[in-house]
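Peer 1: here are the coordinates; sequence isn't available:
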């Protein structure tokens, strides 16, 4: 991967996390729905077709599952 890909991915994750937190804070989406969104995203990568990016999809799925298990980076106790 290139540094630009890493930067773009990190920025996208930070933006998405902030957006999901805001949606929950303003009672637009309950936490259950947010977890469902994350689970769907994880499953999409876990069940991706085989190919030369298997390791990437597996790593993405694992990261999303870790986010679900550990909570968000902003509000961890």
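Peer 2: On my side now, so go ahead. Every value quoted in this text rests on a predicted model; they were computed, and no experiment measured them.
Peer 1: go ahead and flag the most central residue of the chain.
Peer 2: residue 64 (4.3 Å; C-alpha atoms, centre = their mean).
Peer 1: just the element for that one, please.
Peer 2: Element membership of residue 64 [criterion: DSSP states H and E] is helix 54-70.
Peer 1: tell me what that helix is packed against?
Peer 2: helix 31-46 (3 or more C-beta pairs under 8 Å, 6 or more residues apart in numbering; DSSP states H and E). No exception for glycine: its C-beta is placed from N, CA and C like everyone else's.
Peer 1: tilt between the helix it packs on and helix 54-70?
Peer 2: 160 degrees (axes from the mean of the first three to the mean of the last three C-alpha atoms, to 10 degrees).
Peer 1: so what touches helix 31-46?
Peer 2: Around helix 31-46, the neighbours that count as contacts under C-beta atoms under 8 Å, 6 or more residues apart in numbering are 20, 23-24, 29, 57-58, 60-61, 64-65, 67-68.
Peer 1: buried residues of it, list them for me.
Peer 2: 34, 38, 41-42, 45 (16 or more other C-beta atoms under 10 Å).
Peer 1: quick one: distance of the host helix or strand of residue 5 to the chain centre.
Peer 2: Using DSSP H and E, residue 5 falls within helix 3-25. Mean-position distance between helix 3-25 and its chain equals 8 Å (C-alpha atoms, centre = their mean, to the nearest Å).
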